[in-house]
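>>> I'll drop the sequence and a predicted model, then ask my questions.
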Amino acid sequence: MALITSRSFVLPQLSDAMRTYVWFNMWTRKLWPYNELDPGETLLWYESPNQRIVWSTNVTDVTRFPYSRREEVADKLKLSAVDARQPYLVDAPASGFCLSYKVDPIERLEVSRPDDLRFPQQGWLRINESVVQKWPALASFV
C-alpha cells in the first residue's frame, strides 16, 4: 500500500534530514492510518505550501501509543527541547493517540497536485485507482 501524508510546512531538502527526523501525528482518537501504517510501506510526502509531492520514502519503523499528556509524547519519542516546542506538538490534543514513524528516503520528487484533488482533513490519503484517475502521475505507486 502506498500513502501520501500532507505537511503544512516545507520539508527538508536533504535525505539525511528526512531519515533522522522523528515524524509523528497526534489525534484525540485513533484516526486512519493509526492501525494501518506499517514498516515497508511507501509513504509520499506532500508540501501543502507548494502543492506538490516532494519525497518518496519507505517506512522503516512505526510506534503507536496512547498518551495522557503532551509531555509523554516528547519523552517517549526522545524529542529535543527545541522539537518539543514545535507548534504541532504545543497545539496538539492534550491527550489522545500518537502515531510515530521513521522513513528511509527513496527519491526527491516534484509532482504537482491536480486542482480538482483535495486531501482529507487529517492529511493522509491512500493511493488507489480513484486517486490515480485524478492524479495520473501516481500510477506507479498503486
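Received, thanks. Because the structure is predicted, anything quoted here is derived from the model rather than measured.
>>> CA atoms for contacts and neighbours, from now on please.
Fine.
>>> just give me the neighbour total for Glu129.
Residues within reach of Glu129, counting by other Cα atoms under 10 Å, total 13.
>>> isn't it up against Val142?
Yes. Contact between Glu129 and Val142 holds when scored by Cα atoms under 8 Å: they sit 7.1 Å apart.
>>> buried sites along the helix or strand of the chain with the lowest mean pLDDT?
Taking mean pLDDT, DSSP states H and E as the measure, the chain has helix 87-91 as its least confident helix or strand, at a mean of 90. Neighbour counts over helix 87-91 (16 or more other Cα atoms under 10 Å) mark Leu89 as buried.
>>> which residues does that helix contact?
Met26, Arg70, Ala84 (Cα atoms under 8 Å, 6 or more residues apart in numbering).
>>> look up how far Pro87 lies from the first one.
When you say that, I think you mean Met26. 12 Å (Cα to Cα, to the nearest Å).
>>> now do the helices in the chain.
15-20, 70-76, 87-91, 129-134 (DSSP state H).
>>> for Trp32, find the nearest of those.
Of all the helices of the chain, it is helix 129-134 that lies closest to Trp32, at 16.9 Å by Cα to Cα.
>>> quick one: distance of the closest one to the chain centre.
Its chain's C-alpha centre and that of helix 129-134 lie 20 Å apart, by Cα atoms, centre = their mean, to the nearest Å.
>>> so which of the contacts of helix 87-91 is the most crowded?
Met26 (25 neighbours).
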